[in-house]
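**Q** here's my sequence, what's the structure:
(one chain, ligands or ions: 3)
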Amino acid sequence: HNQGTRWNKNVITYSIGRYTRDLPRNTVDSLIESAFGVWARASSLTFVRSPTRNADIMVEFVTYNHGDMFPFDGPRGTLAHAFGPGLGVGGDTHFDDDEHWSAGGRGFNLFVVAAHEFGHALGLKHSQNPDSLMYPTYKSSRPANLLSIEDVVNINRLY
Ligand SMILES: COc1ccc(S(=O)(=O)[C@H](CC(=O)O)C(F)F)cc1
Ligand SMILES: [Zn+2]
Ligand SMILES: [Zn+2]
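**A** Ligands and ions are numbered 1, 2, ... in the order given. A predicted model of the protein is given here:
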């Protein structure tokens, strides 16, 4: 959504709004922090959590109609979406809470999905390379190192 742009700063703030009940809050906090960390390690970007809701990237777990033009669809199907960089809704990342979110067991791996979504929130589009984190489909067998060389090249082309 409104992709193709980039943030015009290297320190990007995020805040977490509504949580999922699938995982403890501090688990969600650390998985989200780790997903940002994937991009921070590969680039010159820094991510800072903000207590207020006026952060650059608002992270929320929501279902069906949730205030933007892209309602979720219940279990399966769309797992999450993120807006490209920009003011207001720009960068905001929403997870469909009708999915079962996991830290590695049954369900969708929140760390992997979040890392992919944050790629979009930073301005990256999909890659046709199946090894890329930005490949359009979810693979539960995603390796821990997560980013392909292509992802590292692409984020550094942008920032
Ligand atoms: C690996 O991370 C993801 C893969 C696929 C998705 S998705 O199936 O929700 C995708 C949304 C997206 O590409 O971000 C679909 F278009 F809805 C989300 C995260
Ligand atoms: Zn949304
Ligand atoms: Zn995607």
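
**Q** what residue in this protein comes nearest to ligand 2?
**A** Here the residue of the chain nearest ligand 2 is His94; by CB to the ion that distance is 3.6 Å. (Glycine included, C-beta is placed from N, CA and C.)

**Q** what about the residue in the chain that ligand 1 sits nearest to, how many residues nearby?
**A** Proximity of the chain to ligand 1 (CB to the nearest ligand atom) peaks at His116, 3.0 Å away. Neighbourhood size, His116 [other CB atoms under 10 Å]: 27.

**Q** put the alpha carbons of the helix or strand harbouring it into CSV.
**A** His116 belongs to helix 110-121 when assigned by DSSP states H and E. What follows is helix 110-121, C-alpha atoms only, in CSV (Å, rounded to 0.1, in the frame of the first residue of the first chain):
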residue,chain,number,x,y,z
LEU,A,110,5.2,-14.0,14.2
PHE,A,111,8.9,-13.2,13.9
VAL,A,112,9.1,-14.3,10.3
VAL,A,113,5.8,-12.5,9.2
ALA,A,114,6.8,-9.4,11.1
ALA,A,115,10.2,-9.2,9.5
HIS,A,116,8.6,-9.5,6.0
GLU,A,117,6.0,-6.8,6.9
PHE,A,118,8.6,-4.5,8.2
GLY,A,119,10.4,-4.8,4.9
HIS,A,120,7.3,-3.4,3.3
ALA,A,121,7.0,-0.7,6.0
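
**Q** contacts for it, please.
**A** The contact list for helix 110-121, computed with CB atoms under 8 Å, 6 or more residues apart in numbering, reads 3, 23, 28, 31-32, 34-36, 38-39, 57, 59, 79-85, 91-93, 95, 101-103, 133-134, 138, 140, 142, 146-147, 151, 155.
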